[in-house]
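> Got a predicted model here, sequence first, then my questions.
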Amino acid sequence: MIRQQSETDRQFILENMFVAVMDNIFLLVLVTLLSVVQNVFFALKVEKECTGQHSKPHSAAFERLSCANRNCMDTYPTFLAVLWCAGICLSQAPAAFAGIIYLVVRQKYFVGYLGQTCQSTPGFLFGKRILFFLSLMCVVGIINHLMLSYGGSDYKESIQTITKAASTLLLLP
Amino acid sequence: MIRQQSETDRQFILENMFVAVMDNIFLLVLVTLLSVVQNVFFALKVEKECTGQHSKPHSAAFERLSCANRNCMDTYPTFLAVLWCAGICLSQAPAAFAGIIYLVVRQKYFVGYLGQTCQSTPGFLFGKRILFFLSLMCVVGIINHLMLSYGGSDYKESIQTITKAASTLLLLP
Amino acid sequence: MIRQQSETDRQFILENMFVAVMDNIFLLVLVTLLSVVQNVFFALKVEKECTGQHSKPHSAAFERLSCANRNCMDTYPTFLAVLWCAGICLSQAPAAFAGIIYLVVRQKYFVGYLGQTCQSTPGFLFGKRILFFLSLMCVVGIINHLMLSYGGSDYKESIQTITKAASTLLLLP
């Protein structure tokens, strides 16, 4: 029985647990930080446009910037939720890769929105594809967990390999 | 001492940890995924209404849809935060149950908003009740943890039973 | 080998893991709960203003309240994301402290917004400083983790001490 060495073990488990948790999430944290930097960039753009145009507060350019920013912010919690769920349930590397592509798409969307409305539509559709991919990762991860709990078979490694290969498909235009 | 078998143990702890974590969160992940699907449904509804009415862009129907969507999105991070905190601090089953009821209420709210403004008020109040229930779960979980750390007594199991029973009260209209 | 005692060990690890996880996040959960209470307070303020002015729905006071609420809600997911990342990657106490200061600043911002637009600018800048501090904590935590993984040196304790000292600098106006 190892239960007698409780205090030392708890310390040992805690240390290992912390390292193991960090191993599994640090890429997700990096992507989250990048998205935060992008959010601040968007907010500064809107703020600059807002304060630079005090004479005509509701200009068309400000309206478009504000609208693009609001669209990005509306989908931001959804993105964060599926990114972290996918990364924890299945594998962090493909999730973080998809997250970075999402950020690139969002940047394109924000810049494209400043031109005309029709330019923003492809970006919006592209974002949906990444969210769908991340959601699929969550579903596969949960199904694998249930199979492991009730059936005893563990396909996690092969699924992770397939996921890594599939994530490169997101690069297709 | 088990510290000598460090590499094997770390692997062993990591594997068990992953299974244990998934055991404790997979219902929350499912509810999160459902909420994401609902978010996408709302966004598609707004997008469809927007593109279908290019001739009269600021119609009353579009305004109401957009407003309902914005209200839902504004409370979404709050909902996710208390859902996950309640699920991790205390017990995932009642938290996920309350989350599903919240999603049903939100659906009712969104549909009801399309009719008239007065219809949406009950849904809004109902949502507050669920958020209050989830916040209460967090508080109880933290108090139990502090009692366990400093007092040594652990009422977790009895609290979880009470919580499960109490969560059915959310079904009351 | 401890692998033979698998079932008992898994239970033992799971219990210890739960306590260890709660030890590392309960302050973050408390700050999250406080922020949720504040969100509900903001929403009730807006709702009250909205229903109390049915005769003149788009008054200047309602517009300002609604705008302040929207600005707060737009940055809320960003705040939650960096708060939790910083708390998990490095240390929860300074992160929770910075979170509470952020909530105070947000309260000031919301109240100040009701007066005039120019009053809100300092609050907005102050919020950015806290977000920057939390992001820096994430980056330092990740760098420390990578150094621990590849270099073998662990400066976590000294970094945590420095972080705790640095977090008091946020109190400067």
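Noted; the coordinates are in hand.
> which strands and helices sit next to the helix or strand encompassing A:Ala20?
Taking DSSP states H and E as the criterion, A:Ala20 maps to helix A:6-51. Where contact means 3 or more CB pairs under 8 Å, 6 or more residues apart in numbering or on different chains; DSSP states H and E, helix A:6-51 is packed against helix A:60-89, helix A:92-115, helix B:6-52, helix C:6-52, helix C:60-89, helix C:120-150. Heads up, the C-betas are built off the backbone N, CA and C, glycines and all.
> Low-confidence bits of chain A, can you list those?
Along chain A, the parts satisfying pLDDT under 70 run over A:1-7, A:9-10, A:13, A:50-59, A:115-126, A:173.
> I'd like to know which residues of chain A are adjacent to chain C.
By the rule CB under 8 Å from any CB of the partner chain, the part of chain A lying against chain C is A:1-3, A:9-10, A:13-14, A:17-19, A:21-23, A:25-26, A:29-30, A:32-33, A:35-37, A:39-40, A:43, A:47, A:69-70, A:73, A:76-77, A:80.
> Just the buried ones from the residues you listed, in PyMOL syntax?
Buried residues among the residues of chain A next to chain C (16 or more other CB atoms under 10 Å in any protein chain shown), as a PyMOL selection:
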select buried, chain A and resi 2+9+10+13+14+17+18+19+21+22+25+26+29+30+32+33+35+36+39+40+43+69+73+76+77+80
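> before we move on, the earlier item: of the helices and strands packed on helix A:6-51, give the one that comes closest to B:Ala95.
helix B:6-52 (6.6 Å; CB to CB).
> Now do the closest one and helix B:60-89, the angle between them.
Counting by axes from the mean of the first three to the mean of the last three CA atoms, to 10 degrees, helix B:6-52 points 170 degrees away from the direction of helix B:60-89.
> Between helix A:120-150 and helix B:6-52, find me the angle.
Using the same axes, to 10 degrees, helix B:6-52 lies at 140 degrees relative to helix A:120-150.
> Run the chain-centre distance for helix B:6-52.
Here helix B:6-52 is found 11 Å from its chain centre; the criterion is CA atoms, centre = their mean, to the nearest Å.
> Any figure for the gap between the nearest residue to A:Leu171 once chain neighbours are set aside and chain C?
Distance criterion CB to CB, 6 or more residues apart in numbering or on different chains; nearest residue to A:Leu171, sequence neighbours excluded, is A:Ile101 at 7.2 Å. Shown here: A:Ile101 relative to chain C, a distance of 19 Å by CB to the nearest CB, to the nearest Å.
> who's in contact with A:Ile101?
Counting by CB atoms under 8 Å, 6 or more residues apart in numbering or on different chains, A:Ile101 touches A:Ile130, A:Leu170, A:Leu171.
> and the second one, how many neighbours?
Spelled out, it's A:Leu170. Other residues near A:Leu170 come to 18 when the count uses other CB atoms under 10 Å in any protein chain shown.
> Would you check that it makes contact with A:Ala98?
Yes - contact criterion CB atoms under 8 Å: A:Leu170 and A:Ala98 qualify, at 5.8 Å.
> Find the residues that touch each one of the two.
The contact sets of A:Leu170 and A:Ala98 overlap at A:Ile130, A:Phe133 (CB under 8 Å, 6+ apart).
> near chain B, which residues of chain A show up?
A:2, A:5, A:8-9, A:12-13, A:16-17, A:19-20, A:24, A:74-75, A:77-78, A:81-82, A:85, A:88-89, A:124, A:128, A:131, A:135, A:138-139, A:141-142, A:145-146, A:148-149.
> how deep is the closest residue to A:Val31 other than its chain neighbours tucked in, by neighbour count?
Distances taken as CB to CB, 6+ apart place A:Gly99 nearest to A:Val31, at 4.0 Å, with adjacent residues excluded. Using other CB under 10 Å, A:Gly99 has 27 neighbouring residues.
> who are the neighbours in contact with A:Gly99?
A:Leu28, A:Val31, A:Ser35, A:Phe79, A:Leu83, A:Leu134.
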